[in-house]
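> Build the 3D model from these lines:
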Amino acid sequence: MKRRERYIISGLVMFLCMGTIYSWGVFQTPLRQTLETLYGEPVSPTLASMPYTTFLFCYAFSMPVAGLFIKKINPKILAIAGSLLISLAWILASYAKSIEFIILTYGILGGIGVGTVYGIPMAVVTEWFPDKKGFAVGLTLLGFGLSPFITAPLAGELIIKFGVFSTFKVLGIAFAVILTLLSLTLRFPNKSEIVVTTQKHEDLGFDIGPKDMLKTTKFYALWSCYAIGAFSGLLAIGVSSSYAQQVIGISPLKAAFFTSFFAIFNGIGRPLFGAITDKLGSKKAILISYSSIIFAAGLSLTFKGNIIAFVIGFSILWLNLGGWLSIAPASTANIFGKPHYTANYGILFTAYGIGALSQGFIGGYFKETFGSYIYIFYPVIVACILGIFICLIFLRNKSVKG
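Numbering: from 1, shown residues only. Coordinates of the predicted model:
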């Protein structure tokens, strides 16, 4: 039983590979320059960001479909299939002659591949660690949060030495090998291997399937809270570099350094808030997250242009994005039970996709309307206050009904 920790390690490395998506900023400018030089195709900054946006959307909305099959199909087979799709997406992208082909391969195929694989290590770890599911899942997801800190510099070096298209191919081949081999290690425990725990969780005895879950107000409350948390965190990630340069007034090089630095907090937030959810429950974890986000936004508004306030504020915002990727899955198991966890969380994860889409539109609107990224904190504060009310009203009791 002591060997159950190996599933955390396998999942962590898999997420480290899949989290390379958050390093898209490293590819974006070289890709625009290369396409224009080789094929004479000018690519606008907005269009160049579409592979990333498309990826997030496909990743979020393919996960519910994959979640329906995790318990029906051997997790190894499903993980290998998704891993090969991820690899294929990166390798095909290396043959691109237009940004539209990158959107089709890297964005759509890659997003579906990650959406297929994403829930499998989480489901496996949740089964092996029923006593510490929030913390264990958080540790596993640490790889996704830390990925930009490791993969962004690596990808940057590869692009300098071999070019952007060769880098797509090298990473695609590497992912094929690493993800496929690690997929072979994944399995659910049998009855004799399951850890028996007397620890009390919110609704651990419930066995609520997707159809019944969708009939409860608790699902829509948790979905709304997750969308707000994802919106706030992804908005911070999306504007960190631009905010640093335009509001704080630092160089692009220093802005890139801070982006890598903030990725550490994104990683730490996952086991930290996983442990908080295990210890204090979903409601308190959500309230702590929203309160800290409001504090970070208020700090940035109060001390405009102050680099210390910038570092503290954005560290907290990145921490909370990582935190929500532990709060949400742990809360799904807490509130609706474990038997249908993978399918239930897959449906809940669509909130992440909506948060990703809304942050792009709202962030861009406030920047264009008011002329500064500082104004993005107003919708963040309003959204989190709304989230606090939703949490207090609809997540106040332990009953899943109503």
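> Show which residues not belonging to stretch 181-194 make contact with it.
With C-beta atoms under 8 Å, 6 or more residues apart in numbering as the test, stretch 181-194 has contacts from 1, 4, 6-7, 10-11, 13-14, 75-76, 79-80, 83, 117, 120-121, 123-124, 127-128, 130. Placement of C-beta: from N, CA and C, glycine included.
> can you do 7 Å?
1, 6, 10, 13-14, 75-76, 79-80, 83, 120-121, 124, 127-128, 130 (C-beta atoms under 7 Å, 6 or more residues apart in numbering).
> Now the strand or helix carrying I102: buried residues?
Following DSSP states H and E, one finds I102 within helix 99-102. By 16 or more other C-beta atoms under 10 Å, the buried positions in helix 99-102 come out as 99, 101-102.
> what's the answer for stretch 46-66, then?
For stretch 46-66, the neighbour count (16+ other C-beta under 10 Å) marks 48, 50-64, 66 as buried.
> Repeat that for stretch 127-145.
Buried positions in stretch 127-145, judged by neighbour count with 16+ other C-beta under 10 Å: 127-130, 132-145.
> returning to what we had before: could I get the buried residues of helix 99-102 as a markdown table with pLDDT and distance to W24?
Conversion of those to a markdown table gives the following (pLDDT from 0 to 100; distance: C-beta to C-beta, whole Å):
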| residue | pLDDT | distance to W24 |
| --- | --- | --- |
| I99 | 91 | 13 |
| F101 | 94 | 16 |
| I102 | 94 | 10 |
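> Tabulate those (CSV), appending distance to G249.
Below are the buried residues of helix 99-102 laid out as CSV (distance: C-beta to C-beta, whole Å):
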residue, distance to G249
I99, 31
F101, 38
I102, 33
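> For stretch 301-312, the averaged confidence score.
Averaged across stretch 301-312, pLDDT comes to 92.
> List the buried residues in it.
Result for stretch 301-312 [16+ other C-beta under 10 Å]: buried residues 301, 309-310, 312.
> re earlier: tell me which two of the contacts of stretch 181-194 sit farthest apart.
M1 and S83 (27.5 Å; C-beta to C-beta).
> Please identify which of those two sits among more neighbours.
Between M1 and S83, S83 has the larger neighbour count (other C-beta atoms under 10 Å), namely 27 against 10.
> Quick check: next helix or strand after the helix or strand of the chain with the lowest mean pLDDT?
Least confident element among the helices and strands of the chain, by mean pLDDT, DSSP states H and E: helix 45-48 (a mean of 75). Using DSSP H and E, the helix or strand that follows helix 45-48 in sequence is helix 50-67.
> Packing partners of that next one?
With contacts defined as 3 or more C-beta pairs under 7 Å, 6 or more residues apart in numbering; DSSP states H and E, the packing partners of helix 50-67 are helix 110-128, helix 341-348, helix 350-370.
> and the longest one with helix 110-128, angle?
So that's helix 350-370. 130 degrees (axes from the mean of the first three to the mean of the last three C-alpha atoms, to 10 degrees).
> the domain parsing of this protein - what is it?
Domain assignment for the chain by automatic domain parsing gives 2-193, 210-394.
> related to what we said a few turns ago, could I get the buried residues of stretch 301-312 as TSV with secondary structure and distance to L392?
Putting the buried residues of stretch 301-312 into TSV (DSSP: H, G, I helix; E, B strand; the rest coil; distance: C-beta to C-beta, whole Å) gives the following:
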residue	secondary structure	distance to L392
L301	helix	24
A309	helix	29
F310	helix	31
I312	helix	27
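> Please identify which pair of the residues you listed lies farthest apart.
Going by C-beta to C-beta, the pair spanning these furthest: L301 and I312, at 12.9 Å.
> any idea how far L142 is from the spatially most central residue of the chain?
The structure's the chain has its C-alpha centroid closest to L325; by C-alpha atoms, centre = their mean the separation is 6.1 Å. L325 is 10 Å from L142, where distance means C-beta to C-beta, to the nearest Å.
> hey, what's in contact with both of these two?
R270.
> List the buried residues in stretch 288-304.
For stretch 288-304, using 16+ other C-beta under 10 Å, the buried residues are 288-290, 292-294, 296-297, 299-301.
> Show me which of these is closest to L31.
The closest of the buried residues of stretch 288-304, once distances to L31 are taken by C-beta to C-beta, is S300, at 30.9 Å.
> Could you report the distance from that closest one to S289?
17 Å.
> Low-confidence regions, the stretch 51-200 of the chain specifically.
193-200 (pLDDT under 70).
> again, only using 50
When residues are selected by pLDDT under 50, those of the stretch 51-200 of the chain lie in 198-200.
> Next: the stretch 251-400 of the chain.
Scanning the stretch 251-400 of the chain residue by residue, the ranges that satisfy pLDDT under 50 are 399-400.
> Which parts of it are helices?
Remark: helices assigned in the stretch 251-400 of the chain by DSSP state H, counting those that start in this stretch are 252-280, 282-302, 307-336, 341-348, 350-370, 377-394.
> could these be laid out in a markdown table, adding distance to S166?
Converted to a markdown table, these look like this (distance: least, C-beta to C-beta, whole Å):
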| stretch | distance to S166 |
| --- | --- |
| helix 252-280 | 22 |
| helix 282-302 | 39 |
| helix 307-336 | 31 |
| helix 341-348 | 35 |
| helix 350-370 | 29 |
| helix 377-394 | 39 |
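> Wait, I327 touches D278, no?
No - I327 is beyond contact range of D278, at 10.6 Å (criterion: C-beta atoms under 7 Å).
> The two: who's more crowded?
Regarding I327 and D278, a neighbour count based on other C-beta under 10 Å identifies I327 as having more, with 29 against 23.
> for the more buried one, what are its contacts?
Applying C-beta under 7 Å, 6+ apart, we find I327 in contact with 273, 277, 282, 285-286, 289.
> Pick the one among those residues closest to F377.
Distances from F377 to these, taken by C-beta to C-beta, are shortest for S289, at 16.0 Å.
> rewinding a little: quick one: which of the contacts of stretch 181-194 is nearest R32?
S83 (28.8 Å).
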